[in-house]
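> take this sequence and fold it.
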Amino acid sequence: STRSSGVRMKRQVMLMDDSSASIAMNLWGEKAEMELAVGCIVFLRQARLSDYLGRSLDLNEGSFLEANPDDPRAFRLQAWYQK
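From the prediction side, this is the model:
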C-alpha cells in the first residue's frame, strides 16, 4: 500500500477467539514483518476497528501486539485451540 510518505508494507491475518468469532487483522509497516505462526496467541492494544470493505482491525505504529504472551488467559486460549 502507499501513503503520501511512500510505500508501506501490509499483511493480513485472521484472528479467532474461543467463541469461534473471527476477524481480519491488517498489520502495517514493521508490524507486517512480525513472525506469527498459525495458532499463535496474540494480545492487542490500540487496534483500530475498520468497516472499510467489511470489518477488520488495523494495527499501526502506535498499536501494541504481543505474540504468545506469558499469561493465564493466553494459556487458556492455547488449550482451547489445540482441542
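> and the residue nearest the centre of the chain, what does it touch?
In the chain, the residue lying closest to the centroid (Cα atoms, centre = their mean) is residue 25, at 4.6 Å. Counting by Cβ atoms under 8 Å, 6 or more residues apart in numbering, residue 25 touches 12, 13, 14, 15, 44, 47, 56, 57, 58, 59. Yep, even glycine has a C-beta here, placed from its N, CA and C like the rest.
> from residue 54, how far out is the second one?
When you say that, I think you mean residue 13. Computed as Cβ to Cβ, to the nearest Å, the residue 13 to residue 54 distance reads 15 Å.
> for the two, work out which one has more neighbours and name it.
Of the pair residue 13 and residue 54, residue 13 is the one with more neighbours under other Cβ atoms under 10 Å, namely 16 against 8.
> picking up where we left off before, can you select the buried ones among the contacts of residue 25 for me in ChimeraX?
Typed into ChimeraX, the line below selects the buried ones among the contacts of residue 25, using 16 or more other Cβ atoms under 10 Å:
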select :13,15,47,56,57,58,59
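> out of the contacts of residue 25, which are inside strands?
12, 13, 14, 15, 44, 56, 57, 58, 59 (DSSP state E).
> follow-up on the earlier one: wait, is the residue nearest to the centre of the chain part of a strand?
Yes - membership of residue 25 in a strand is supported by DSSP: H, G, I helix; E, B strand; the rest coil.
> now do the contacts for the closest residue to it other than its chain neighbours.
Counting by Cβ to Cβ, 6 or more residues apart in numbering, residue 57 is the residue found nearest to residue 25 once chain neighbours are left out, at 4.5 Å. Residues near residue 57 by Cβ under 8 Å, 6+ apart: 15, 23, 24, 25, 26, 44, 47, 48, 49, 50.
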